[in-house]
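>>> pasted the sequence and its predicted model underneath.
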Amino acid sequence: NSHDMSKEEKNDNPKAQSNAFMDTLGEYAEDAGPLATQIGFGSVAGYASGMALRAAGKVAAIAVGTGFIFVQGLAYIGYIEVDWRKVERDYASLLDLDGDGKVTAGDLNLAWEKLNSVLAFNLPAGTGFSADAFVSTELS
């Protein structure tokens, strides 16, 4: 039992060190009570949501890129004509969230804030959710 060992024996025994760490961690968790559960759940949900958003973003980028290559290829060989100016206007009107007439990082920030407010709605620890969702989308 790691509780019956001397301090020197615990320092030389990795399993005893691990048990002592887990005992200490358990004591802190008991002291923190519901707060630890809320932060833990919010963080896990935020991290998992961020990873899912990152994966969905990659899939969306591949779909848009593939679609562009296909359409541009068809236009090049003369099967279709594309009004790219109209496409650009429609793109800007859809994604220009701040209404300044162009798509900028500010629009991306507004989109993130709206999405985050939806995903963190009614969670007991929205701050942990938001931070971990952001961190997991930034990981490469």
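Thanks, I have it.

>>> contact partners of stretch 93-110?
Residues lying outside stretch 93-110 but in contact with it, judged by CB atoms under 8 Å, 6 or more residues apart in numbering, are 91-92, 111, 114. Every C-beta, even on glycine, is put in place using the N, C-alpha and C of the backbone.

>>> out of those, who's nearest residue 43?
Within the contacts of stretch 93-110, proximity to residue 43 (CB to CB) peaks at residue 114, which comes in at 21.3 Å.

>>> where does the prediction get shaky in this protein?
For the chain, the stretches flagged by pLDDT under 70 are 1-39, 124-140.

>>> switch to 90 and redo it
Screening the chain residue by residue with the criterion pLDDT under 90, one finds the ranges 1-54, 57, 88-89, 91-140.

>>> give the other helices and strands that the longest helix along the chain contacts.
Among the segments of the chain that qualify as a helix by DSSP state H, the longest is helix 34-76. Here helix 34-76 is seen to pack against helix 105-119, helix 126-138 when contacts are counted using 3 or more CB pairs under 8 Å, 6 or more residues apart in numbering; DSSP states H and E.
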